[in-house]
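# Predicted model and sequence below, questions to follow.
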Amino acid sequence: MQPQILLLKEGTENAQGKQQVISNINACCAIVDAIRSTLGPRGMDKLIVDNRGKATISNDGATIMKLLDVVHPAAKTLVDIAKSQDAEVGDGTTSVVILAGEFLKQCKPFIEEGVHPRVIIRAFRKATKLALDRIVELSVKINKENPEEYRSLLMKCAATSMSSKLIHQQKEYFSKMVVDAVMMLDELLPLNMIGIKKVQGGALEDTVLVPGVAFKKTFSYAGFEMQRKMYKNPKIALLNIELELKAEKDNAEVRLDNVEEYQKVVDAEWNILYDKLDRIQKSGATVVLSKLPIGDVATQYFADRDMFCAGRVPDEDLQRTMKACGGAIQSTVHDLNDQTLGTCETFEEKQVGGERFNFFYGCPKSTSCTIILRGGAEQFMEETERSLHDAIMIVRRAMKNDSVVAGGGAIDMELSKYLRNYARTIAGKEQLIIGAMAKAFEIIARQLCDNAGFDATNILNKLRQKHAQDGVWFGVDVMNEDIADNFEACVWEPAIVKSNAITAASEATCLLLSVDETVKNPRSGQGDQQLPGGMPGGMGRGRGRPMM
């Protein structure tokens, strides 16, 4: 009798073969079902409560995928493609997951019948390339010569992105704001130059776009109320210095034998502080912003000399002020001159809702702006912020890659028709597989109908007929429960959104199909006390400090 060979530790789970691929596909379909209903203008929102009890209401595919704590290793790839779509393009996160899930679902019967995964992968790669080439062929270039037309086109792209979000009632208002915000940036369109600040209270329509920098008033000491709240053409000093008397270190020891010496030590401290303050005043700065605290002595000193100061300004706000008003962030007071001081036309502090905000208007290098969001509930404002982020990303993409396609399932139905016709021209197994992928593209239009409560079969039949007769841009018209030419109806999205989604979905499909064995190592003996990080007792850092 052959002796049994033990290769892996006992307790190791391993699954392989056809069953493994199918179970991976099922896991992915389960995840897709979770976010399937959020697609489109009639999509539902999800409420997710994390382990600390914080509730998040969201319609954004990537946010939902991040918050779902997915443990299945294969299903995690879907979370990753949603994240990559969010980072790369910003919108279309739900559609990328739905597409990947549908591709897998269409492959399942082939796998069950014993087609080798490699054959399927090869056909998929081919079909993906065809689809991407077709998008490039169909996409419409943006005319940048005419500024009016260009603006309205960008606004339509922003409005399409917002139509599926919570704020779709106010999409006219917000799409104008988003396009204005992105237009203010420089050529590279850096995202972090658009600050979004949330202030509770007020209505959504009270949201304003500040052409410049605005941030919440920081914690201030006595003497603050004596400072002026409005300056014309101020010079702005941006510091990274603490302007207060330092407390001695806990274990510092100074041995003194009489009172005068003690007085000298104290005086030296005060002199250091006053020396710093004098230098700042002599530089001609009237607004002083510092990343570190500005104490009460300094606050009073500035107030007496008609200067404004704010300490503990968050780093990103300080960076944005620097980019907008010029100057540089100084970590010493010895070098304050006109090169290192920023300027702007007006500085003022105003009340917004229950908070006071510092505004810098008319910045010379102004390539930055701030959106101050108003709204009732906190969750609602967070969701609005996510929706605006998506719209901002879309407008940036449309400006960088200047071609658009029609949304609302139109481009997907066109690709489906194109691949189906192509599949009939080739012999062999690939014909079936490319045909299956063509069928998978219909899921976007079908899901839009399902979410709006329409008869999906009926509308898809109409769409297939239109596309067969060269109605290239026909898609679902969610408002009238019918089909419409979505290019005429201005449902537009940048072509890069679609091509990125298709590439990511097909990559994920090929990745999951090529896995045929999963080996899961057992946890070590004290499995119960161990954290997933594998550190005993859960202390990851020295001296029992908590994990950051």
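Yep, it's here. The structure displayed is predicted, hence computed values, not measured ones.

# Dihedrals phi and psi, residue 396?
When read as degrees, to the nearest 10, the backbone of residue 396 gives phi -60, psi -50.

# contacting residues for it?
Residue 396 makes contact with 90, 182, 189, 191, according to Cβ atoms under 8 Å, 6 or more residues apart in numbering. C-beta coordinates here come from the backbone N, C-alpha and C atoms, glycine included.

# and if we set it to 10 Å?
Listed by Cβ atoms under 10 Å, 6 or more residues apart in numbering, the contact partners of residue 396 are 89, 90, 154, 178, 182, 185, 188, 189, 190, 191, 194, 494.

# Can you tell me which of these end up in helices?
154, 178, 182 (DSSP state H).

# Scan those and report the most crowded one.
For the ones in helices among the contacts of residue 396, the largest number of neighbours (other Cβ atoms under 10 Å) sits with residue 178, at 31 neighbours.

# Can you give me the distance of that one to residue 161?
From residue 178 across to residue 161, the span is 9 Å (Cβ to Cβ, to the nearest Å).

# picking that back up, how about the contacts of residue 396 in CSV, adding distance to residue 209 and pLDDT?
Formatted as CSV, the contacts of residue 396 follow (distance: Cβ to Cβ, whole Å; pLDDT from 0 to 100):
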residue, distance to residue 209, pLDDT
89, 23, 87
90, 19, 84
154, 15, 88
178, 9, 92
182, 11, 89
185, 13, 83
188, 20, 79
189, 16, 81
190, 17, 82
191, 16, 82
194, 9, 87
494, 22, 90
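
# can you list those residues in a markdown table and add distance to residue 411?
Below are the contacts of residue 396 laid out as a markdown table (distance: Cβ to Cβ, whole Å):
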| residue | distance to residue 411 |
| --- | --- |
| 89 | 15 |
| 90 | 18 |
| 154 | 19 |
| 178 | 23 |
| 182 | 23 |
| 185 | 28 |
| 188 | 28 |
| 189 | 24 |
| 190 | 29 |
| 191 | 26 |
| 194 | 28 |
| 494 | 11 |
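
# Produce a ChimeraX select command limited to the buried residues of those.
This is how ChimeraX selects the buried members of the contacts of residue 396, with burial counted by 16 or more other Cβ atoms under 10 Å:
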select :89,90,154,178,182,185,189,194,494
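
# ok, the contacts of residue 396 vs residue 445, which is closest?
Set against residue 445, the nearest of these by Cβ to Cβ is residue 494 (19.2 Å).

# on that earlier part again, so which of the contacts of residue 396 are in strands?
Under the assignment DSSP state E, those contribute 194, 494 to strands.

# Which one of the contacts of residue 396 is nearest to residue 223?
residue 194 (33.8 Å).

# Identify the residues contacting the closest residue to the closest one other than its chain neighbours.
Nearest residue to residue 194, sequence neighbours excluded (Cβ to Cβ, 6 or more residues apart in numbering): residue 181, at 5.2 Å. By Cβ under 10 Å, 6+ apart, the contact list for residue 181 reads 193-196, 209-211, 368-371, 388, 391-392, 395.

# Most neighbours among those, please name it.
Neighbour-wise, these (other Cβ under 10 Å) top out at residue 391, 29 neighbours.

# Wait, a strand at that residue?
No: applying DSSP: H, G, I helix; E, B strand; the rest coil, one finds residue 391 to be helix, outside a strand.

# Wait, it touches residue 180, no?
No: in terms of Cβ atoms under 10 Å, residue 391 does not count as a neighbour of residue 180; the distance is 11.9 Å.

# what about residue 352, neighbour count?
Here the number of neighbours of residue 352 (other Cβ under 10 Å) works out to 20.

# And it, how close does it get to residue 305?
As for residue 352, its distance to residue 305 is 28 Å (criterion: Cβ to Cβ).

# before we move on, what about residue 222?
Distance from residue 222 to residue 305, by Cβ to Cβ: 16 Å.

# quick one on the thing from earlier: which one of the contacts of residue 396 is nearest residue 278?
The nearest member of the contacts of residue 396 to residue 278, counting by Cβ to Cβ, is residue 190 at 37.0 Å.

# Output the contacting helices and strands for whichever strand or helix holds residue 78.
Counting by DSSP states H and E, the element that carries residue 78 is helix 76-88. Under the contact definition 3 or more Cβ pairs under 10 Å, 6 or more residues apart in numbering; DSSP states H and E, helix 76-88 sits against helix 18-35, helix 61-67, helix 93-112, helix 378-400, helix 495-513.

# just the helices in the stretch 201-350 of the chain please.
259-282, 296-304, 315-325 (DSSP state H, counting those that start in this stretch).

# Can you point out the buried residues in the shortest one?
By 16+ other Cβ under 10 Å, the buried positions in helix 296-304 come out as 297, 298, 299, 300, 301, 302, 303.

# Can you find the helix or strand in this protein with the smallest mean pLDDT?
strand 13-16 (a mean of 78; mean pLDDT, DSSP states H and E).

# Quickly run through the sheet partners of that strand, with directions.
strand 517-520 (antiparallel) (DSSP bridges).

# Could you give the average pLDDT over the strand it pairs with?
For strand 517-520, mean pLDDT is 84.

# ok, now stretch 456-474?
92.

# Is residue 74 in a helix, a strand, or coil?
Criterion first, three-state DSSP; result for residue 74: coil.

# who's in contact with it?
Residues near residue 74 by Cβ under 10 Å, 6+ apart: 20-21, 23-28, 31, 104, 508, 511-512, 515, 518.

# If we use 8 Å, what do you get?
Contacts for residue 74 were tallied using Cβ under 8 Å, 6+ apart; they are 24, 27, 28, 512, 515, 518.

# Where does pLDDT dip in the protein?
Residues of the chain meeting the criterion pLDDT under 70: 1-2, 4, 6, 247-251, 366, 524-548.

# what about 50?
Along the chain, the model assigns pLDDT under 50 to residues 527, 530-531, 533-542, 544.

# Show me where the stretch 201-350 of the chain has its strands.
208-210, 212-216, 230-232, 235-239, 287-290, 308-310, 329-330, 342-343, 346-352 (DSSP state E, counting those that start in this stretch).

# from those, which stretch is densest packed?
Among these, strand 287-290 has the highest mean neighbour count (mean count of other Cβ atoms under 10 Å), at a mean of 26.

# What's the local residue count around the spatially closest residue to residue 17 that is not a sequence neighbour?
Leaving aside its chain neighbours, residue 17 sits nearest to residue 516 (6.4 Å; criterion: Cβ to Cβ, 6+ apart). Neighbourhood size, residue 516 [other Cβ under 10 Å]: 14.

# got it, and residue 47?
Neighbours of residue 47 using other Cβ under 10 Å come to 9.

# Name the nearest residue to it, ignoring sequence neighbours.
residue 57 (5.1 Å).

# now do residue 283
Here the nearest residue to residue 283 in space, its sequence neighbours aside, is residue 336; by Cβ to Cβ, 6+ apart that works out to 3.5 Å.

# The one you found contacts residue 285, doesn't it?
Yes: at 6.6 Å, residue 336 counts as touching residue 285 under the criterion of Cβ atoms under 8 Å.
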